[in-house]
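Colleague: sequence isn't available, so here's the structure alone:
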């Protein structure tokens, strides 16, 4: 049945916070899109990625140096996803659609498909955040990791707080070889009818995957003095680094202590406004860290992102004070962990708790 957000309390929270945010940009005479600092970040991460890839193909380094370059390339791929692709695919990087589309295509550098991402993330995750059975972003590894208390508890899930982290490292490999295909051909994603796609997207799915396999598997084997085993190790290490960084950053925003996993009333409605739902299901981490802000592309401030996904993340630090104060004015939660490691510990504790019987959670 259709899932709707029913603002039973008639909360004016979102109207108020949007008015205050709009007033901030008007008073400061600022665009909500990228500024010079944002373009500098984009050039830094793109330049770093291309430099590392070029050094890998130069055949001028020994095995250990090559492995280190693979680690760096995996990290830069994740940072491109956070800092460039993510904003562009939300239409937040530029006021010009063609620039957003061009920069959104940097997602192919991760081995991922931007069209599929826009469906699963922009449409489904941002609408039905943390709702079991609707938000597939919290279905981390079905059958292995349990985040839904209504899901049957399996014996091995009592150890999920240990094995979840290595599994995150496999997320990027799954994306490259499995996830995009499965999501593309899945008839229904949450409430989204996914049964029909433009013909062009069928071509792009297979052509872009083939190009990625060529540039990261075939071409290196042709150009470098390496064995198939060394190629496989380098490729896997690159994606384990990429997957671990991406997996941790996204999980620390939604699967930590204090975030809610609401169950629709009678399978139909969520009894609160959509914006209030975002506050209850999302948490920030390291909000005062310039390092986290630079590398995570604003995803350490997920509250700001979920409420205003079309505003470039370079502006999130200024929005934080506005949104936190407005939440306080309406007696609403504003969840945050002071550092990356405190969020990591919170995620660990929640996974441990969710690996126990539901009666333990109720206590």
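Modeller: Sure, I can see it. Just so it is clear, the structure is predicted and the values come from calculations on it, not from any experiment. Numbers count the residues shown, from 1 in each chain.
Colleague: for residue 198, give its distance to residue 205.
Modeller: 11 Å (CB to CB, to the nearest Å). The C-beta positions use only the backbone N, C-alpha and C, and glycine is treated the same way.
Colleague: which residue ranges of the stretch 201-350 of the chain form strands?
Modeller: Along the stretch 201-350 of the chain, the stretches classed as strands by DSSP state E, counting those that start in this stretch are 269-270, 283-285, 335-337.
Colleague: what's the weakest-modelled helix or strand in the chain?
Modeller: helix 358-362 (a mean of 46; mean pLDDT, DSSP states H and E).
Colleague: span of stretch 215-227 from start to end?
Modeller: 16 Å (CA to CA, to the nearest Å).
Colleague: mind putting the strands of the stretch 201-350 of the chain into CSV with mean neighbour count?
Modeller: Converted to CSV, the strands of the stretch 201-350 of the chain look like this (neighbours: other CB atoms under 10 Å):
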stretch, mean neighbour count
strand 269-270, 18
strand 283-285, 26
strand 335-337, 22
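Colleague: returning to that earlier point: which one's more surrounded, residue 198 and residue 205?
Modeller: Here residue 198 and residue 205 are compared on neighbour count by other CB atoms under 10 Å; more neighbours surround residue 205, at 18 against 9.
Colleague: that one: what's it in contact with?
Modeller: Listed by CB atoms under 8 Å, 6 or more residues apart in numbering, the contact set of residue 205 reads 113, 115-116, 180-181, 184.
Colleague: among these, which lie within helices?
Modeller: 115-116, 180-181, 184 (DSSP state H).
Colleague: separation between the residue positioned nearest the centre of the chain and residue 283?
Modeller: Residue closest to the average C-alpha location in the chain (CA atoms, centre = their mean): residue 250, at 4.6 Å. According to CB to CB, residue 250 and residue 283 sit 12 Å apart.
Colleague: one more: residue 313?
Modeller: Distance from residue 313 to residue 283, by CB to CB: 16 Å.
Colleague: and residue 88, by the same measure?
Modeller: 25 Å.
Colleague: and for residue 346?
Modeller: Distance, residue 346 to residue 283, by CB to CB: 8 Å.
Colleague: what is in contact with these two at once?
Modeller: 252, 256, 258, 337.
Colleague: quick one on the thing from earlier: mind putting the ones in helices among the contacts of residue 205 into a markdown table with distance to residue 69?
Modeller: Shown next, in a markdown table, are the ones in helices among the contacts of residue 205 (distance: CB to CB, whole Å):
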| residue | distance to residue 69 |
| --- | --- |
| 115 | 30 |
| 116 | 29 |
| 180 | 26 |
| 181 | 29 |
| 184 | 31 |
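Colleague: buried set for the helix or strand containing residue 76?
Modeller: Using DSSP states H and E, residue 76 sits in helix 63-80. Within helix 63-80, the residues that count as buried by 16 or more other CB atoms under 10 Å are 66-67, 69-80.
Colleague: also stretch 219-229?
Modeller: In stretch 219-229, counting by 16+ other CB under 10 Å, buried: 220, 224, 226.
Colleague: same question, stretch 40-49
Modeller: Buried-residue list, stretch 40-49, by 16+ other CB under 10 Å: 41-42, 45-46, 48-49.
Colleague: likewise for stretch 168-182?
Modeller: Buried-residue list, stretch 168-182, by 16+ other CB under 10 Å: 168-173, 175-176, 179-180.
Colleague: out of those, which are inside strands?
Modeller: In strands, judged by DSSP state E, none of the buried residues of stretch 168-182 are found.
Colleague: any chance of TSV for those residues, columns distance to residue 31?
Modeller: Below are these laid out as TSV (distance: CB to CB, whole Å):
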residue	distance to residue 31
168	35
169	38
170	39
171	34
172	33
173	38
175	32
176	35
179	34
180	33
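Colleague: could I get those as a markdown table with distance to residue 287 and pLDDT?
Modeller: Shown next, in a markdown table, are the buried residues of stretch 168-182 (distance: CB to CB, whole Å; pLDDT from 0 to 100):
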| residue | distance to residue 287 | pLDDT |
| --- | --- | --- |
| 168 | 22 | 92 |
| 169 | 26 | 92 |
| 170 | 29 | 92 |
| 171 | 25 | 89 |
| 172 | 26 | 93 |
| 173 | 31 | 94 |
| 175 | 28 | 92 |
| 176 | 32 | 95 |
| 179 | 30 | 93 |
| 180 | 32 | 95 |
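Colleague: for the stretch 251-363 of the chain, which spans come out with low pLDDT?
Modeller: Applying pLDDT under 70 to the stretch 251-363 of the chain flags residues 266-268, 358-363.
Colleague: helices of that one, start to end?
Modeller: With helices called from DSSP state H, counting those that start in this stretch, the stretch 251-363 of the chain shows them at 274-281, 290-296, 302-307, 316-329, 340-354, 358-362.
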